[in-house]
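> Let me see the structure of the following:
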Amino acid sequence: MGIKLQTLKVLDSKQLEGAVEVARKERASGFIVLPSPRTNTYRRQIVVLVANSRPPAMYPLKEYVEEGGLIAYGPNVLEMYQRAATFVDKILKGRTPSDLPVEQSTKFELVINLKAAKQISLTIPPNVPARADQIIR
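Have a look, this model is predicted:
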């Protein structure tokens, strides 16, 4: 059996419940929440709705896991802010913004919530937490 991907577009908080319900009815075996200002705005609501529907979920930032989500893998936001500060410094010292190189994140973090895994009866292989940057128990 292959993987079937389904995109559930959510434009506001009212559509969140409907999207999770669609996934539940179609027996989704998991969720991947993509990074966006919108999903970050509804972070807590997303985590609660997904947790109540039971399939495992992966999130883009550790803040979702701190809210009770299962696992996150994404850029280290603190490192991104620190890099942004160096750009601000260069601009304030006279550099033209369009002359500065575009940068991508170089530091990523894996955060696992073992308490959330236990709540959905998910066994995480020991080698996965061994690679995590942060574990929530």
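> Thought Leu70 was touching Pro56, still the case?
Yes. Using C-beta atoms under 8 Å, Pro56 is in contact with Leu70, at 5.2 Å. Just so you know, the C-beta spots here come from the backbone N, C-alpha and C atoms, and that holds for glycine as well.
> For the closest residue to Ala51 other than its chain neighbours, which residues are in contact?
Spatially, and ignoring its direct neighbours in sequence, Ala51 is nearest to Gly68 (6.1 Å; C-beta to C-beta, 6 or more residues apart in numbering). Applying C-beta atoms under 8 Å, 6 or more residues apart in numbering, we find Gly68 in contact with Val47, Val48, Ala51, Asn113, Lys115, Ala116.
> quick one: which of the residues you listed has the most company?
Counting neighbours by other C-beta atoms under 10 Å, Asn113 comes out on top of the contacts of Gly68 with 26 neighbours.
> Show me the beta-bridge partners of that residue.
Beta-bridge pairing for Asn113 (DSSP bridges): Ile136.
> what separates it from Ala57, distance-wise?
As judged by C-beta to C-beta, to the nearest Å, Asn113 and Ala57 stand 10 Å apart.
> Need the residues touching each of the two.
Residues touching both Asn113 and Ala57 (C-beta under 8 Å, 6+ apart): Gly69, Leu70, Ile71.
> which of the residues you listed are buried?
Gly69, Leu70, Ile71 (16 or more other C-beta atoms under 10 Å).
> got the contact list for the first one?
Meaning Gly69. Counting by C-beta under 8 Å, 6+ apart, Gly69 has contacts Val47, Val50, Ala51, Ala57, Tyr59, Asn113, Ala116.
> And the pLDDT for the residue of the chain positioned farthest from its centre?
Centroid-distance maximum for the chain: Gly94 at 35.9 Å, with C-alpha atoms, centre = their mean. pLDDT, Gly94: 98.
> and it, what helix or strand is that in?
Under the criterion DSSP states H and E, no helix or strand holds Gly94.
> Need phi/psi at it.
phi 110, psi 0 (degrees, to the nearest 10).
> Which strands and helices lie in contact with the helix or strand bottoming out on mean pLDDT in the chain?
Least confident helix or strand, the chain: helix 13-25 with a mean of 89, by mean pLDDT, DSSP states H and E. With contacts taken as 3 or more C-beta pairs under 8 Å, 6 or more residues apart in numbering; DSSP states H and E, helix 13-25 sits against helix 43-53.
> No more questions from me, cheers.
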